[in-house]
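**Student:** Next comes the sequence, and after it the predicted model I'd like to discuss.
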Amino acid sequence: MTQPENRLFDSSPRTRTGFKRDAEPNFTYYNESSRDELQALREMLETWYASLPDDAKPDVRSRFRARDDVQHAGAFLELYVHELLTGMGFGVELHPEVPGTTRQPDFLVTRHGVPCFYAECRAVGPPKEVRAQEARLNQALNALRRLYFLDFELDLEVDGAPQSPVPARRLASDIRRWVGNLNAQRVLEEATNLESADLPQLGCFHDGLRIHVIAVPRAHDERGTAASNSAVRSIMTEMHEVDDYSPIRAAVVRKGKQYRHLQLPYVLFLNTIRERIHRFDIWNALFGNSGMRYQLPARGGLVAQPYRRPNGAWVNGDGPRYTKISGVFLGVGLGPWSSLTQSPTLMHHPWAAHRLDPTVWPLAQEVPNDSTQTYTLRIPVDPDRRFRPKAIADSGDGDRRFRPS
């Protein structure tokens, strides 16, 4: 495909009609699909890209087209934020100079020519080694999904994470050889109740990864006719606790250390790679992990009291910190599709050195109340329809206090 430098996407004809493959880079799918909805998406993003200042385009284009989804998400976020701000009537100056440092934020945001705040964009994702493990696992599972058998289907139980590349071809070959020695009719005759324990099983291991394979005979009327379908019927992944707040906390801390002499509010626009981050993860990142204390009152019986540990990005055991940051605007898995329906909320830093005037920001925002030490969620009555906020359900953590107790 041709790659004109004034466009994000290639301009050659497209014939691909399938869905996105597991572990496939987002840009690859967006660029290659011929589906009508993808064409509409490309046209929208090309419009956003055309409105960028010319000197910003080469860097944004290079990262947007990257195979690394974190780089791609960061470039998309800059496109989105630039379009969001200009669409709401703000002026946007690219990479402004800041007194006292050679560092430059992404944007200086103005209203009627008057500086309002600095804006910085950053994609937030799991550590690089975790993303590498997920990519190795997905590559192996994709190879297994290409297996086809006339008489059997496969159920996969996956546990662990590969610490090195999985020899996917050898893995598929071993399973193919194993299934080739099985007889579906004999399995059915010998099985007592067709529970998984009665079915043929194979354990596959590689450097921290375990894949348990269960061969399930096809129904009599399906045998010999289902070779066009993947043999993999289901994949069960062992659940592990996922820490979604640490990458957010680390991003805020890293940016909070970069500027010491800002004379304007400074807003971080963050976008997480994961798509299922809860509200309490955001609060854990900014104000400290939530926990429970138990006390034994005089009358007997334990009493549980919620509290926050002093390990937040905005406050720790020594009190408020990184007060140069005025607020965080956090998108959760924000991408070309979700940007049309998701409306991230701006959360103000309650101890910011330069607070952003809430009347300046026309979209949803969490505004601190100093007297009660709680947040008030403000949702505008009639914002621009293109960026209309939607009410966000509280994800189980109704405590809106921001000071650790």
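**Tutor:** Noted; the coordinates are in hand. None of the values given here were measured: they were computed from a predicted structure.

**Student:** mind giving me the domain split of the protein?
**Tutor:** As given by automatic domain parsing, the domain ranges for the chain are 51-124+241-405, 129-237.

**Student:** Phe9 is nearest to which of the ones you listed?
**Tutor:** Comparison of the domains of the chain against Phe9 by Cβ to Cβ identifies domain 51-124+241-405 as nearest, at 8.5 Å. Every C-beta, even on glycine, is put in place using the N, C-alpha and C of the backbone.

**Student:** Would you reformat the domains of the chain as TSV and include distance to Leu45?
**Tutor:** Below are the domains of the chain laid out as TSV (distance: least, Cβ to Cβ, whole Å):
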stretch	distance to Leu45
domain 51-124+241-405	6
domain 129-237	24
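
**Student:** Deepest-packed of these, please.
**Tutor:** domain 51-124+241-405 (a mean of 17; mean count of other Cβ atoms under 10 Å).

**Student:** just how off-centre is that domain within its chain?
**Tutor:** 14 Å (Cα atoms, centre = their mean, to the nearest Å).

**Student:** any chance of the domains of the chain in a markdown table, with mean pLDDT and distance to Glu32 too?
**Tutor:** Listed next are these as a markdown table, based on pLDDT from 0 to 100; distance: least, Cβ to Cβ, whole Å:
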| stretch | mean pLDDT | distance to Glu32 |
| --- | --- | --- |
| domain 51-124+241-405 | 84 | 12 |
| domain 129-237 | 85 | 16 |
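
**Student:** Go through these and name the closest to Gly18.
**Tutor:** domain 129-237 (12.9 Å).

**Student:** so after the helix or strand where Lys57 lies, what's the next helix or strand?
**Tutor:** Using DSSP states H and E, Lys57 sits within helix 57-64. Next along the chain after helix 57-64, taking DSSP H and E as the criterion, comes helix 69-87.

**Student:** And the helix or strand just after that following helix, what does it pack against?
**Tutor:** For helix 69-87, the following helix or strand on the C-terminal side (DSSP H and E) is strand 91-94. Strand 91-94 sits against helix 69-87, strand 107-111, with contacts defined as 3 or more Cβ pairs under 8 Å, 6 or more residues apart in numbering; DSSP states H and E.

**Student:** Looking at these, which is nearest to Val253?
**Tutor:** Of the helices and strands packed on strand 91-94, nearest to Val253 by Cβ to Cβ is helix 69-87, at 17.7 Å.

**Student:** which outside residues touch that closest one?
**Tutor:** When contacts are defined by Cβ atoms under 8 Å, 6 or more residues apart in numbering, helix 69-87 is touched by residues 25-27, 45, 48-49, 51-52, 56, 60-66, 92, 106-107, 109, 119, 121-123, 125, 131, 269-271, 273, 331, 334-336, 339, 384, 386-387.
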